[in-house]
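Participant: sequence first, predicted coordinates after that:
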Amino acid sequence: MVKVLFVCLGNICRSPMAEAIFRDMVEKYCLGGEILIDSAGTSSWHVGARPHKGTLRKLDEYRISSEGMFGRQFIKKDIEEFDYIIGMDEMNIRDIYDICGKPKHPKVMRLLDLTDKKADVPDPYYTGDFQETYDLLLDGCQRLLEKIKSEME
């Protein structure tokens, strides 16, 4: 089983949106039994909280389920448990390395590095632009799924 963890700062906007989008894609390709998906935040601010209302509205708009999603904090053990740890921006990547106590790790990557888009997914908690976030995450998740599928062959 391939395990994917999406990581942002608070785990209420970008990473849960990516988790839901990716889970929806994986299910549509009938790979649900082969890919486990989760999300986490580098901070503890929203542990146990549902995703942000803007994230939930955007997922509802595209008929993507957010069922069972609650915020959790990224922990050191995640580096061992997951095959892919996908950060939303450069600060998330630095925080992941700080939490893990490792300067670099091949499992850790920034989502948009898989695309030809800008490097960081802007945080809609601050920008208010959940559509831009959705569009960037959709592209990044499609590229990630292509990468994983090619590596599974």
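Facilitator: Cool, the structure landed.

Participant: name the helices or strands packed onto the longest helix seen in the chain?
Facilitator: For the chain, the longest helix by residue count, based on DSSP state H, is helix 130-152. Helix 130-152 sits against strand 2-8, helix 14-28, helix 53-61, strand 84-87, helix 124-127, with contacts defined as 3 or more Cβ pairs under 8 Å, 6 or more residues apart in numbering; DSSP states H and E. For glycine as for every other residue, the C-beta is placed from the backbone atoms N, C-alpha and C.

Participant: the first one: which residues count as buried?
Facilitator: The reference is to strand 2-8. Under the neighbour-count criterion of 16 or more other Cβ atoms under 10 Å, strand 2-8 has 2, 4-8 buried.

Participant: tabulate those (a markdown table), appending distance to Leu112.
Facilitator: Listed next are the buried residues of strand 2-8 as a markdown table, based on distance: Cβ to Cβ, whole Å:
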| residue | distance to Leu112 |
| --- | --- |
| Val2 | 20 |
| Val4 | 15 |
| Leu5 | 16 |
| Phe6 | 12 |
| Val7 | 14 |
| Cys8 | 13 |
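
Participant: compute the first-to-last residue distance for stretch 60-67.
Facilitator: The first residue of stretch 60-67 is 11 Å away from its last residue (Cα to Cα, to the nearest Å).

Participant: pull out the buried residues from that stretch.
Facilitator: 64, 66.

Participant: and for stretch 30-41?
Facilitator: Buried residues in stretch 30-41 (16+ other Cβ under 10 Å): 35-41.

Participant: and stretch 126-138, by the same measure?
Facilitator: Buried, per 16+ other Cβ under 10 Å, within stretch 126-138: 130, 133-134, 136-138.

Participant: TSV for those residues, including pLDDT and distance to Leu111?
Facilitator: Formatted as TSV, these follow (pLDDT from 0 to 100; distance: Cβ to Cβ, whole Å):
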residue	pLDDT	distance to Leu111
Phe130	98	16
Thr133	97	11
Tyr134	98	13
Leu136	97	8
Leu137	98	7
Leu138	98	11
